[in-house]
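Enquirer: Return atomic coordinates for the entry below.
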Amino acid sequence: MDETGATHFLSVSLAANQPPQEAYWVMMGAAGVFIVYIMLLRPRMRRKDPLARSGSTLSQERQVEREMQHLLVELSEMSRQITSQLDTRAAKLDALIREADERIAQLRAAASNGEVHSSLPTALSIPPAADIDPRHAEIYALADTGRDANQIAQQLARPRGEIELILALRSNR
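Expert: Take a look at the predicted model:
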């Protein structure tokens, strides 16, 4: 073999060992995509600690800590105020219950002695006709003439609801 034949044989054998040009570019593209995935996308896909701050400084962390402590102090003060208000209201309620129990006991004692003729307390019993308020008597007189609550209210320049209430209380008596 001469030198040109050897060179030709060598070039043919090297060409046979090389992959085709399209396969080369496909493999290079796949390698590039893999590198981009590894370098850029994968770190973003990792879960990060939500409490970790990437750019926080020590002074910012101390400021946040001071704010949290301030909020805790405010919360404890507010809870103390609410507790004291509840205690005050509970004490008032207890006093009112004791007072009501004492009055009930007095009414029962008076009823057992025969001092009270009605089963209702004196404050709730219906007053006799002589004790009627003169303003109510005027309303009753107008109602006895056949006027309705609207007419009475217009004549006396008083609210219609008040007139209706007074007339309703009269019919209950």
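Enquirer: Determine the longest helix present in this structure.
Expert: helix 58-112 (DSSP state H).
Enquirer: After that one, which helix or strand is next? Please name it.
Expert: helix 134-144 (DSSP states H and E).
Enquirer: Name the surrounding residues that touch that following helix.
Expert: 132, 151-152, 155-156, 163, 166-167, 170 (CB atoms under 8 Å, 6 or more residues apart in numbering). The C-beta positions use only the backbone N, C-alpha and C, and glycine is treated the same way.
Enquirer: Summarise which helices and strands the helix or strand that comes right after that helix is packed against.
Expert: Moving toward the C-terminus from helix 134-144, the next helix or strand (DSSP H and E) is helix 149-156. If you count contacts as 3 or more CB pairs under 8 Å, 6 or more residues apart in numbering; DSSP states H and E, helix 149-156 packs onto helix 134-144, helix 160-172.
Enquirer: relative to helix 149-156, how tilted is the last one?
Expert: Spelled out, it's helix 160-172. In terms of direction (axes from the mean of the first three to the mean of the last three CA atoms, to 10 degrees), helix 160-172 departs from helix 149-156 by 120 degrees.
Enquirer: How many neighbouring residues does Ala149 have?
Expert: Per other CB atoms under 10 Å, the neighbour tally for Ala149 reads 19.
Enquirer: what does Glu164 give?
Expert: Residues near Glu164, counting by other CB under 10 Å: 15.
Enquirer: OK, contacts around it?
Expert: Glu164 sits next to Ala149 when contact means CB under 8 Å, 6+ apart.
Enquirer: any idea how far it lies from Lys92?
Expert: 35 Å (CB to CB, to the nearest Å).
Enquirer: can you check Gln60 too?
Expert: Gln60 is 48 Å from Lys92, by CB to CB.
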